[in-house]
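>>> Give me a 3D structure for the following:
(one chain, ligands or ions: 1)
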Amino acid sequence: MKVKIVDLTLRDGHQSLLATRMRTRDMLPILETFDSSGIYCFEVWGGATFDSCHRFLNENPWERLREIRKRVKNARISMLLRGQNLVGYKHYPDDVVVKFVEKTAEYGLDIFRIFDALNDVRNLVTSIKTAKRCGAHVQGTICYTISPVHTIEKYVEIANQLAELEVDSICLKDMAGLLSPKMAYELVRTLKKEVGLPVDVHSHYTSGMASMALLKAVEAGAEMIDTCMSPLSMGTSHPPTESMVYALEELGYETGVDLDVLLEVRDYFMKIREKYAGYLNPLSTIPDANVLVYQIPGGMFSNLIAQLKEQNALDRLPDVLNEVPRVREELGYVPLVTPTSQIVGVQAVLNVLTGGRYKVIPKETRDLVRGMYGRTPAPVKEEILRKVLGDEKPIECRPADLLEPEFEKRKAELEKMGIEPTDENVLIYALFPQTGLQFLKGELEEEPFPTATSFGDIEGEFEVEYEGSVYSVKVKPA
Ligand code: CO
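Next comes the predicted model:
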């Protein structure tokens with residue numbers, strides 16, 4: 001049996017471990033060698049890279065895509081697209097979504113992996129249909145999380161909705177590293193039986209289970225697995241490409257990947273890891289069992305600590321950890337992934353620190369309750385709905401139905417400012433009106449490489465009591 005290897009080093013790998021800061025000039029020299037290794041697909045674009053590229057590196061993200069495409073001739077290249085949010089953090093109008101997907105397909109991107117944080121398939125329709133029309137391979141994505149409403153039946157229902165949109169494959173996306181080997185096996189087996197489409201499994205190493213989960217997924221019939229080259233693997237990233245290839249080949253699966261070539265690629269990325277060591281938070285390189293206990297993703301956990309520290313209230317961490325699942329339940333069991341992880345986290349901190357639950361309600365919580373992000377997996381609790389919205393009713397429609405077309409307007413604005421209104425430029429501006437415009441005006445600079453000690457803002461050692469057990473949490477700077 002064949003298993004296709006999808007290597008994420010150039011997107012999720014450095015997004016997970018190096019704050020998405022790998023420069024294009026550090027990717028290009030190894031691409032031709034990497035491409036000769038037999039890897040099925042490289043994920044190279046999308047997610048946070050578009051934002052990070054222009055904002056911190058003063059690089060044109062479109063240029064990166066073009067340069068990569070020129071050098072990858074055997075493998076496919078793919079991107080992660082956040083549905084109606086594209087590569088940003090809010091819903092964009094349909095005309096912007098259509099233009100963005102068309103332009104990306106035109107540059108030769110082969111596989112669009114498209115997801116919505118709430119698994120609200122309505123938020124995926126425009127991008128999926130456009131990518132299909134452009135002849136691309138579309139991977140419809142299921143965000144995996146754990147809650148009483150996230151049953152196997154529920155995931156099958158989502159996968160069937162994606163199949164109706166004629167996606168070419170299904171990606172099971174475990175962004176928090178919650179997918180256990182047992183669940184991976186059962187879920188993939190059921191998806192194969194009930195939906196039948198090829199399945200690609202994406203599991204972060206956060207809790208230390210990802211290699212096991214991928215292996216069990218393959219045994220259950222998954223055709224594709226996501227990995228990262230060893231220097232950027234493990235921790236909050238993914239299982240190492242080399243180890244998975246070796247293990248699978250020995251078990252009789254054909255990956256088509258040449259390990260000798262990968263060793264050369266590994267040498268290269270070892271140097272990159274050294275060069276970018278200042279971005280690497282040592283905490284994100286080791287498994288974090290907190291995820292298993294609290295089901296709080298690692299990034300969110302350190303965010304909570306940072307927020308409490310800022311308020312001089314680290315001693316309230318146990319209360320906040322108890323508050324997070326409560327808020328999540330009240331807000332309809334949203335998956336803890338960007339942006340809903342931030343919304344739940346901030347609300348939980350406010351509920352604890354302001355001395356009254358939902359006494360302070362940020363705009364983001366209000367928007368989530370109003371349905372502005374889409375339909376929550378379970379309904380928002382009636383009591384919270386009334387507290388947050390008063391007499392106002394949540395919207396029933398797809399959020400983007402409320403948005404006016406924007407592309408031509410943005411184009412005219414650029415023209416007026418004397419900036420060449422090419423599709424590329426208009427999209428950079430439409431997606432990121434502030435930093436995108438600064439970039440186009442040439443006002444941004446590439447940030448300097450940080451030194452290895454600059455991640456010292458979160459530190460401390462404290463005990464946390466949770467459901468009757470005491471856990472010692474140590475957080476130390478690099
Ligand atoms: Co990921």
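>>> Quick check: which ranges of the chain have low pLDDT?
Scanning the chain for pLDDT under 70 picks out 298, 452-478.
>>> could you pull out the helices for the stretch 51-200 of the chain?
All helices of the stretch 51-200 of the chain, identified by DSSP state H, counting those that start in this stretch, fall at 61-71, 94-106, 125-133, 152-164, 181-194.
>>> Turn these into a markdown table, including mean neighbour count and distance to Glu242.
Just so you know, the C-beta spots here come from the backbone N, C-alpha and C atoms, and that holds for glycine as well. Formatted as a markdown table, these follow (neighbours: other C-beta atoms under 10 Å; distance: least, C-beta to C-beta, whole Å):
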| stretch | mean neighbour count | distance to Glu242 |
| --- | --- | --- |
| helix 61-71 | 18 | 21 |
| helix 94-106 | 20 | 30 |
| helix 125-133 | 20 | 31 |
| helix 152-164 | 17 | 30 |
| helix 181-194 | 19 | 21 |
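>>> What are the boundaries of the helices in the stretch 201-350 of the chain?
Using DSSP H, counting those that start in this stretch, helices in the stretch 201-350 of the chain cover 210-219, 241-250, 259-275, 290-294, 298-310, 317-330, 340-353.
>>> of all these, which gets the most neighbours per residue?
helix 210-219 (a mean of 24; mean count of other C-beta atoms under 10 Å).
>>> Strands of this structure, residue ranges please.
Secondary structure of the chain (DSSP state E): strands at 4-7, 41-46, 76-81, 111-114, 137-143, 169-174, 199-203, 224-227, 460-466, 469-475.
>>> now the ones you listed as JSON lines including mean neighbour count?
What follows is the strands of the chain, written out as JSON lines (neighbours: other C-beta atoms under 10 Å):
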{"stretch": "strand 4-7", "mean neighbour count": "24"}
{"stretch": "strand 41-46", "mean neighbour count": "24"}
{"stretch": "strand 76-81", "mean neighbour count": "24"}
{"stretch": "strand 111-114", "mean neighbour count": "27"}
{"stretch": "strand 137-143", "mean neighbour count": "26"}
{"stretch": "strand 169-174", "mean neighbour count": "25"}
{"stretch": "strand 199-203", "mean neighbour count": "28"}
{"stretch": "strand 224-227", "mean neighbour count": "27"}
{"stretch": "strand 460-466", "mean neighbour count": "13"}
{"stretch": "strand 469-475", "mean neighbour count": "11"}
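>>> so which of the helices of the stretch 201-350 of the chain comes closest to Gly108?
Taking C-beta to C-beta, helix 259-275 is the member of the helices of the stretch 201-350 of the chain nearest to Gly108, at 21.9 Å.
>>> That closest one versus helix 241-250: what angle between them?
160 degrees (axes from the mean of the first three to the mean of the last three C-alpha atoms, to 10 degrees).
>>> related to what we said a few turns ago, CSV for the helices of the stretch 51-200 of the chain, including distance to Val261?
Listed next are the helices of the stretch 51-200 of the chain as CSV, based on distance: least, C-beta to C-beta, whole Å:
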stretch, distance to Val261
helix 61-71, 15
helix 94-106, 28
helix 125-133, 30
helix 152-164, 34
helix 181-194, 28
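>>> that older thread, dump the strands of the chain to a markdown table, plus distance to Leu65.
Listed next are the strands of the chain as a markdown table, based on distance: least, C-beta to C-beta, whole Å:
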| stretch | distance to Leu65 |
| --- | --- |
| strand 4-7 | 17 |
| strand 41-46 | 5 |
| strand 76-81 | 8 |
| strand 111-114 | 13 |
| strand 137-143 | 16 |
| strand 169-174 | 20 |
| strand 199-203 | 21 |
| strand 224-227 | 20 |
| strand 460-466 | 41 |
| strand 469-475 | 37 |
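>>> Which one of these lies nearest to Ser341?
strand 137-143 (11.2 Å).
>>> about what we covered before: would you mind saying which of the helices of the stretch 51-200 of the chain lies nearest Ala400?
Nearest of those to Ala400, taken as C-beta to C-beta: helix 94-106 at 6.0 Å.
>>> From the contact counts, what lies against the closest one?
strand 111-114, helix 125-133, helix 407-416, helix 423-431 (3 or more C-beta pairs under 8 Å, 6 or more residues apart in numbering; DSSP states H and E).
>>> still on that earlier bit, show me the one of the helices of the stretch 51-200 of the chain that comes nearest Gly436.
helix 61-71 (10.0 Å).
>>> Show residues contacting the closest one.
Residues from elsewhere that reach helix 61-71 (C-beta atoms under 8 Å, 6 or more residues apart in numbering): 10, 24, 27-28, 31-32, 35, 42, 44-45, 49-50, 53-54, 77, 103-104, 107-109, 424, 428.
>>> rerun at 6 Å
Thr24, Leu28, Leu31, Glu32, Val44, Trp45, Phe50, Cys53, Tyr107, Gly108, Glu424 (C-beta atoms under 6 Å, 6 or more residues apart in numbering).
>>> Correct me if wrong: Gln307 contacts Leu350.
No: in this structure Gln307 lies outside contact range of Leu350 using C-beta atoms under 6 Å: 9.5 Å.
>>> Which of the helices and strands packed on helix 94-106 sits closest to Met175?
strand 111-114 (12.2 Å).
>>> The closest one pairs with which strands, and in what direction?
strand 76-81 (parallel), strand 137-143 (parallel) (DSSP bridges).
>>> Could you point out which of those strands sits nearest Val199?
strand 137-143 (9.7 Å).
>>> Identify the residues contacting that closest one?
110-115, 119, 128, 131-132, 155, 158, 162, 167-173, 335, 337.
>>> so what's Gly108 closest to, chain neighbours aside?
Excluding its sequence neighbours, the residue lying closest to Gly108 (C-beta to C-beta, 6 or more residues apart in numbering) is Arg69, at 4.4 Å.
>>> Please report how far the one you found lies from Glu63.
Distance, Arg69 to Glu63, by C-beta to C-beta, to the nearest Å: 11 Å.
>>> same deal with Leu427?
For Leu427, the distance to Glu63 - C-beta to C-beta - is 13 Å.
>>> Over to Thr130?
22 Å.
>>> Over to Gly208?
Counting by C-beta to C-beta, the separation of Gly208 from Glu63 is 37 Å.
>>> for Thr241, same thing?
Thr241 sits 26 Å away from Glu63, going by C-beta to C-beta.
>>> One more: Ala136?
Taking C-beta to C-beta, one finds Ala136 at 20 Å from Glu63.
>>> which stretch among the strands paired with strand 111-114 comes nearest Lys411?
strand 76-81 (21.9 Å).
>>> Between helix 94-106 and the closest one, find me the angle.
Between the axis of strand 76-81 and that of helix 94-106 there is an angle of 160 degrees, by the same axes, to 10 degrees.
>>> Tell me the buried residues in stretch 45-64?
45-62, 64 (16 or more other C-beta atoms under 10 Å).
>>> Quote the end-to-end distance of it.
8 Å (C-alpha to C-alpha, to the nearest Å).
>>> Domain boundaries for the chain, per the record?
4-279, 286-401, 406-440 (automatic domain parsing).
>>> Would you reformat those as JSON lines and include distance to Glu446?
Listed next are the domains of the chain as JSON lines, based on distance: least, C-beta to C-beta, whole Å:
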{"stretch": "domain 4-279", "distance to Glu446": "5"}
{"stretch": "domain 286-401", "distance to Glu446": "24"}
{"stretch": "domain 406-440", "distance to Glu446": "11"}
